[in-house]
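# next input, structure requested:
(2 chains)
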There are 2 protein chains.
Amino acid sequence: MLQVKTPEEVFRLIEEEFQPKERVMHSPLDFAQGRILAEDILAEEYVPDFDRSTVDGYALRAADTFGCSDALPAILNLVGEVKMGEGTEIAVPRGACVYVPTGGRIPADCDCAVMLEYTEDYGDGTVGIFKAAAPGQNLIFRGDDLRPGKLLLRAGRVLRPQDVGALAAIGKTEVPVRLDLTVGVLSTGDELVPADQKPGPGQVRDVNLPMLKALLRSVGAVPVDFGIVKDDEALLREKTALALSCCDGVILSGGSSAGVKDAACRVIESLGELLFHGIAVKPGKPTILGRAGNKPLIGLPGHPVAAYYVTQVFVLPLLARLSGQSLRRDRVKASLSESLNANHGRMQITPCRLETADGKTLAVPIRTKSGLISRLAEADGYLIIDRDCEGLEQGAAVEVYLS
Amino acid sequence: MLQVKTPEEVFRLIEEEFQPKERVMHSPLDFAQGRILAEDILAEEYVPDFDRSTVDGYALRAADTFGCSDALPAILNLVGEVKMGEGTEIAVPRGACVYVPTGGRIPADCDCAVMLEYTEDYGDGTVGIFKAAAPGQNLIFRGDDLRPGKLLLRAGRVLRPQDVGALAAIGKTEVPVRLDLTVGVLSTGDELVPADQKPGPGQVRDVNLPMLKALLRSVGAVPVDFGIVKDDEALLREKTALALSCCDGVILSGGSSAGVKDAACRVIESLGELLFHGIAVKPGKPTILGRAGNKPLIGLPGHPVAAYYVTQVFVLPLLARLSGQSLRRDRVKASLSESLNANHGRMQITPCRLETADGKTLAVPIRTKSGLISRLAEADGYLIIDRDCEGLEQGAAVEVYLS
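Just a heads-up that it's a prediction; the model follows:
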């Protein structure tokens, strides 16, 4: 029998036993999206670096417009035009204005901009203003967006398109990001054939290698494929040692139970320190974690659905820990469509579909006598029932993790 | 003044005026993740192709165990062992059993499996069974997961890791996916310098090209960068025509208003059919859509925040239409942290942060006198206030689109 850890103990071990790898590379801005920011980014200059108009219109002194109206416009002298992308040294005396386009620089003498709609160019060198303006109106001031020293992006975030935009705004075109983690993956089992082969009697196609590689890529890690290994302990140890020598961590899929033929645990013990064998979770109980230095050695159940959920719930947070990443888990609040029994004493992970009925979001558990891969492909996500909960009633408020 | 379309009219035009491009490529399974499935995938065989045990234990006839108990075990003759990954021709007479590992093939004569925990091997060629079994117990039957003709994955879905696993299960290692869309991007404005240059007086760094390229990549499109173009209509037309000739669509950023210097609309009219100039949305009103054949010509506001949201809300659905993709928009239900006025008559897009207080998810609007790029980087998503809504009260139930 396995001496299982609770999920809470597993998460604590991940934090205690593994440290972020501090390796940094500098990514060109165009390839920074989806990568993990390695350092806090502070602005080093003012954005914008000058006071700008937010409208097409006239820059002027607000005081020159006080009391004007449709019936009694303020008449100002037009003394020039601000050109986009140029500095402007235009002097604007009292009672004068200059044309300014959206985004144009406001001359030093002016304190606001008036939209074209509230003005009329009389064509004789004067402009009528029909609406009183307030100082600061329609302006973005120097540094309104960013000032030197202001924190723009915090280390650990996965860079999104808008973050790339913000980095462009401050000229950060070489972005410090975490070097990708490399993770060796092996699948073990005498019954397994590669997905491109036709299974013979008693054989099945290996699902876990392609799926695990895709899961690893989904968080920016680089999978290294060491293939399918027969249930031969010496061979499995040799391949795992090779993977360990050239990767930041290794995932073994299959052979993780406590049976005679289940070699994963013995292989992991022989190559590093065993942290635990067994998690109080369903599916996924026969999961192993060891470490060799700061490199994790992970043994996953061969069952694809269990391997999938253990990776989602435990392995991806472990990789996030190693890569210094704050993992974002998108969740949706929903109402449970039917009551659901839970396995008291073990955290239960239930795949579900999301449906909408009467404007409410329903979480519909996907029931199956065993977790089949085709049912996993139907799921929009999963819900977690804590191990101290005996079940949930129909209509219960739940959170579905999108996956 | 612009003759604006409502958002509903824009979405209808996208459906009416553009058709999915039917180009298909065959991706190796390892590179299929994140791509758009081009065809429905049906299973062509049985998965599994044989009846399997879900436990380590003994395969037997359930009837031979009826009435047994801890006190009175059923004694069966052990006639063999099923080996993983092999066919089994073992004959199992009445009153006999065979050892079977998890995932092993069940001999034709047996109808269930009993877990090792409920048995004892007496070592004399007999095994005691302590718990009555029901027919079908602990078995996955042939075809339980998939049968020939069963729909596994529907065309249009973006392939996830578990979908890759399902494709592996049926041996689909060359996956029909949509050929990536190529989209030309140009930024126009005399004030713009590339992000890696230091702006001079009155100049700012171009944010939109790097941000738009990242947005395009986020939905699997391939951006083609035609650079920053000065406000010169002939030059802009020439570059846009070049982009149009070699891409599936073109996005012009900047110069999309109705002013004299705003050339985007005239350029788009000269190269194709103008569908509209202006959307009743804030921010993003000065947005242009044209088409040349089935290729969209899009004019975006130069303002980065407006360009960002117009792309999220309108351009990505247009690209999804072209690529035959069902766009998944992850949303979170939240409670509005403070009341919010809306711009009656225009759809309003408000960036917000998500915070948790007393177990409730709060949507905290990010207020700013103008949409600044640094505030966009703070946002966890955005909420949309319909154009016929005058505002929302504090505490209102809202949906935040994660972005």
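# remind me, longest helix of chain A?
helix A:233-246 (DSSP state H).
# helices or strands next to that one in the packing?
Here helix A:233-246 touches strand A:182-188, strand A:222-229, strand A:249-253, helix A:264-271, strand A:295-300, going by 3 or more CB pairs under 8 Å, 6 or more residues apart in numbering or on different chains; DSSP states H and E. For every residue, glycine as well, the C-beta is placed using N, CA and C.
# which of these sits closest to chain B?
Nearest to chain B, of all these, is strand A:222-229, at 8.1 Å by CB to the nearest CB.
# would you tell me which one of the helices and strands packed on helix A:233-246 is buried the most?
Scoring the helices and strands packed on helix A:233-246 by mean neighbour count under mean count of other CB atoms under 10 Å in any protein chain shown gives strand A:249-253 as the most buried, with a mean of 29.
# just checking: what are the partner strands of it?
According to DSSP bridges, strand A:249-253 forms sheet pairs with strand A:182-188 (parallel), strand A:295-300 (parallel).
# between it and strand A:222-229, how many degrees?
For strand A:249-253 against strand A:222-229, the angle between stretch directions is 40 degrees (axes from the mean of the first three to the mean of the last three CA atoms, to 10 degrees).
# so residue A:235 makes contact with residue A:229?
Yes - counting by CB atoms under 8 Å, residue A:235 does reach residue A:229; the two are 5.8 Å apart.
# what comes into contact with the longest helix of chain A?
A:182, A:184-186, A:188, A:224, A:226-227, A:229, A:250, A:252, A:255, A:263-264, A:266-268, A:270-272, A:292, A:295, A:297 (CB atoms under 8 Å, 6 or more residues apart in numbering or on different chains).
# got the angle between that helix and strand A:222-229?
Going by the same axes, to 10 degrees, helix A:233-246 makes 170 degrees with strand A:222-229.
# got the domain ranges for chain A?
A:7-19+A:180-323, A:24-47+A:145-178, A:52-140, A:331-402 (automatic domain parsing).
# and the residue of chain A most remote from its centre, how far is that from chain B?
Residue farthest from the centre of chain A, counting by CA atoms, centre = their mean, is residue A:124 at 58.3 Å. Distance from residue A:124 to chain B, counting by CB to the nearest CB, to the nearest Å: 20 Å.
# now render the strands paired with strand A:249-253 as TSV, adding distance to residue B:38 and mean pLDDT.
Below are those laid out as TSV (distance: least, CB to CB, whole Å; pLDDT from 0 to 100):
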stretch	distance to residue B:38	mean pLDDT
strand A:182-188	27	97
strand A:295-300	31	98
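# can I get those in TSV with distance to residue A:174?
Below are the strands paired with strand A:249-253 laid out as TSV (distance: least, CB to CB, whole Å):
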stretch	distance to residue A:174
strand A:182-188	23
strand A:295-300	29
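# among those strands, which comes closest to residue A:282?
Among the strands paired with strand A:249-253, strand A:295-300 comes nearest to residue A:282, with 14.7 Å by CB to CB.
# with just CA atoms, put the closest one into PDB.
Taking Å, rounded to 0.1, in the frame of the first residue of the first chain, the C-alpha atoms of strand A:295-300 are listed here in PDB:
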ATOM      1  CA  LYS A 295      15.700  18.500 -10.600                       C
ATOM      2  CA  PRO A 296      12.300  16.900 -10.100                       C
ATOM      3  CA  LEU A 297      11.800  13.200 -11.000                       C
ATOM      4  CA  ILE A 298       8.100  12.600 -11.500                       C
ATOM      5  CA  GLY A 299       6.300   9.300 -11.800                       C
ATOM      6  CA  LEU A 300       2.800   9.600 -13.300                       C
END
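# so what touches it?
Contacting residues not belonging to strand A:295-300 are listed as A:18, A:208, A:212, A:240, A:244, A:247-256, A:264-265, A:268, A:271-272, A:277, A:286-291, A:306-307, A:310-311, A:315, A:318, A:322 [CB under 8 Å, 6+ apart].
# again, but for stretch A:333-346
With CB under 8 Å, 6+ apart, stretch A:333-346 has contacts from A:280-282, A:285, A:348, A:350, A:354-355, A:360-365, A:383, A:385, A:387-400, B:332-333, B:361.
# out of those, which end up buried?
The neighbour count (16 or more other CB atoms under 10 Å in any protein chain shown) marks A:280-282, A:285, A:348, A:350, A:354, A:361-365, A:383, A:385, A:387, A:392, A:398, A:400, B:332, B:361 as buried among these.
# hmm, stretch A:24-31 in reach of chain B?
Yes - residues of stretch A:24-31 are located near chain B by CB under 8 Å from any CB of the partner chain, namely A:29-30.
# pLDDT averaged over that stretch - what is it?
Across stretch A:24-31, the average pLDDT comes to 95.
# and it, how far out from the chain's middle?
With CA atoms, centre = their mean, to the nearest Å as the basis, stretch A:24-31 stands 17 Å off its chain's centre.
# same question, stretch A:146-156
Remark: stretch A:146-156 is offset 18 Å from the chain centroid, using CA atoms, centre = their mean.
# the residue of the stretch 51-200 of chain A found nearest chain B: what's it in contact with?
With CB to the nearest CB, the shortest gap between the stretch 51-200 of chain A and chain B falls at residue A:87, namely 2.9 Å. Counting by CB under 8 Å, 6+ apart, residue A:87 makes contact with A:105, B:200-202.
# then residue A:77?
A:93, A:95-97, A:125-127.
# how about 10 Å then?
Counting by CB atoms under 10 Å, 6 or more residues apart in numbering or on different chains, residue A:77 touches A:92-98, A:125-127.
# before we move on, what about residue A:397?
Going by CB under 10 Å, 6+ apart, residue A:397 touches A:333-336, A:363.
# just residue A:262 next, same as before
Contacts of residue A:262 by CB under 10 Å, 6+ apart are A:188, A:231, A:233, A:254-256, A:277, A:286, A:288, A:299, A:302, B:56, B:101-102.
# apply 7 Å and report the result again.
The contact partners of residue A:262, taken as CB atoms under 7 Å, 6 or more residues apart in numbering or on different chains, are A:255-256.
# ok, it to residue A:252 distance?
Residue A:262 sits 11 Å away from residue A:252, taking CB to CB, to the nearest Å as the criterion.
# and stretch A:133-142, how far apart are its ends?
Start-to-end span of stretch A:133-142 (CA to CA, to the nearest Å) is 20 Å.
# what does it contact?
For stretch A:133-142, contacts defined as CB under 7 Å, 6+ apart pick out A:46, A:48-55, A:62, A:65, A:106, A:111-115, B:370.
# now stretch A:160-171
Counting by CB under 7 Å, 6+ apart, A:29, A:32-33, A:41, A:43-45, A:47, A:145-146, A:152-153, A:175, B:195-196, B:205-207, B:210-211, B:214-215, B:218, B:304, B:308, B:373-374, B:376-377 sit against stretch A:160-171.
# got the residues of the stretch 1-150 of chain A near chain B?
With CB under 7 Å from any CB of the partner chain as the criterion, the stretch 1-150 of chain A meets chain B at residues A:29-30, A:33, A:48-50, A:54, A:56, A:84-88, A:101, A:103, A:105, A:140, A:144-146.
# sorry, slip of the keys, the one I care about is the stretch 251-400 of chain A.
Contacts of the stretch 251-400 of chain A with chain B, taken as CB under 7 Å from any CB, map to A:259, A:261, A:304, A:308, A:330, A:332-333, A:370, A:372-374, A:376-377.
# repeat the analysis, applying 8 Å as the threshold.
When proximity is defined as CB under 8 Å from any CB, the stretch 251-400 of chain A approaches chain B at A:257, A:259, A:261, A:302, A:304, A:308, A:330-333, A:361, A:369-370, A:372-377, A:379.
# relative to residue B:231, how far out is residue A:372?
Separation of residue A:372 from residue B:231 (CB to CB): 60 Å.
# list every C-alpha atom in the strand or helix carrying residue A:99, with coordinates, as PDB.
Assessed by DSSP states H and E, residue A:99 sits inside strand A:96-100. What follows is strand A:96-100, C-alpha atoms only, in PDB (Å, rounded to 0.1, in the frame of the first residue of the first chain):
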ATOM      1  CA  ALA A  96      -3.800  83.700 -29.500                       C
ATOM      2  CA  CYS A  97      -4.100  80.000 -30.500                       C
ATOM      3  CA  VAL A  98      -2.400  77.400 -32.700                       C
ATOM      4  CA  TYR A  99      -3.800  74.400 -34.600                       C
ATOM      5  CA  VAL A 100      -2.900  71.100 -33.000                       C
END
